[in-house]
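[1] Build me a structure from this.
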Amino acid sequence: MLDQIAYDILRALRRNGRISIAALAQEVGISRASAYSRVESLSRAGIITGYTAEVDTTGLGLGVSALVFCTVQPQSWTAFLHAIGEMPDVESARVMTGEHDVMLIVRSTDMESMQSLVIGAIANMPEVTKVETAIVMGEVFRRPFVLPDEIPHRDPIGVDSGLMRFTRTDQSRSTRV
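    So this is what the prediction gives:
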């Protein structure tokens, strides 16, 4: 179980992953030895998995980004995941429920390169049966991670809210739910 100090350490590291242990200890209100020990414990437990720099992708010349939703043949997951893992312009791959199997976040220098990536590379893969693409018009914010104690309580909305869609996968199944 993570306590409040662990959450405070993670929040401080989220703001500045290069913070010194001394500054981290002061910010969180614990000793340097305790800060060091806690960061090491969070790393050993697999909570902290690494450190990375945040960059402005537009400033790098990657001004076009898109969400690419792929439907993959069930027998070819391994080949698909390996192939997209080798594509340097795929920033992220998320397995999902619903109509599509995977959502990719992809980056490109221009629309022509984006088209070549999506149509020429991804949609052309033998493992992919369907592709839908949404070009990102602008990125408002991106959080590196969210902590459980930051999620507010929300009242349940109930299943009859009209916000869900049922898709029948087997035509012989009843439509009654």
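[2] and this protein, what are its domains?
    For the chain, automatic domain parsing gives the domain ranges 4-44, 64-135.
[3] ok, D89 - contacts?
    V106, R107, S108, L117 (Cβ atoms under 8 Å, 6 or more residues apart in numbering). In short, each C-beta sits where N, CA and C put it, glycine included.
[4] so which of the domains of the chain gets nearest G158?
    When these are compared by Cβ to Cβ, domain 64-135 sits nearest G158, at 19.8 Å.
[5] Give me the distance between the two termini of that closest one.
    Criterion Cα to Cα, to the nearest Å; first-to-last residue distance in domain 64-135 is 8 Å.
[6] Which two among the contacts of D89 are spaced furthest apart?
    The most distant members of those, if one measures by Cβ to Cβ, are R107 and L117, lying 9.0 Å apart.
[7] what ranges do the helices span in this protein?
    Using DSSP state H, the helices assigned to the chain run over residues 4-15, 21-28, 32-44, 77-85, 111-115.
[8] Mind putting these into TSV with distance to V128?
    Below are these laid out as TSV (distance: least, Cβ to Cβ, whole Å):
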stretch	distance to V128
helix 4-15	35
helix 21-28	44
helix 32-44	37
helix 77-85	7
helix 111-115	16
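[9] Please name the bridge partners of the residue nearest to T129 when sequence neighbours are not counted.
    Excluding the flanking residues, the one nearest T129 by Cβ to Cβ, 6 or more residues apart in numbering is T71, at 4.9 Å. Note on T71: beta-bridge partners K130, judged by DSSP bridges.
[10] just checking, T71 touches E99?
    Yes: T71 is within contact range of E99, at 7.4 Å (criterion: Cβ atoms under 8 Å).
[11] beta partners for the residue lying closest to E91 once chain neighbours are set aside?
    Counting by Cβ to Cβ, 6+ apart, I105 is the residue found nearest to E91 once chain neighbours are left out, at 4.6 Å. When bridges are called by DSSP bridges, I105 pairs up with L67, S92.
[12] count of neighbours near I105?
    Using other Cβ atoms under 10 Å, I105 is surrounded by 16 other residues.
[13] who's in contact with it?
    S65, A66, L67, V68, V90, E91, S92.
[14] Over to S31?
    A25.
[15] Report the mean per-residue pLDDT for stretch 158-168.
    Averaging pLDDT along stretch 158-168 gives 59.
[16] residue contacts, V106?
    Applying Cβ under 8 Å, 6+ apart, the residues contacting V106 are S65, A66, V68, D89, V90, E91, M114, L117, V118, I122.
[17] Go again with 7 Å.
    Residues in contact with V106 (Cβ atoms under 7 Å, 6 or more residues apart in numbering) are S65, A66, V68, D89, V90, E91, L117.
[18] do S108 as well
    So S108 contacts L62, V64, D89, M114, L117 (Cβ under 7 Å, 6+ apart).
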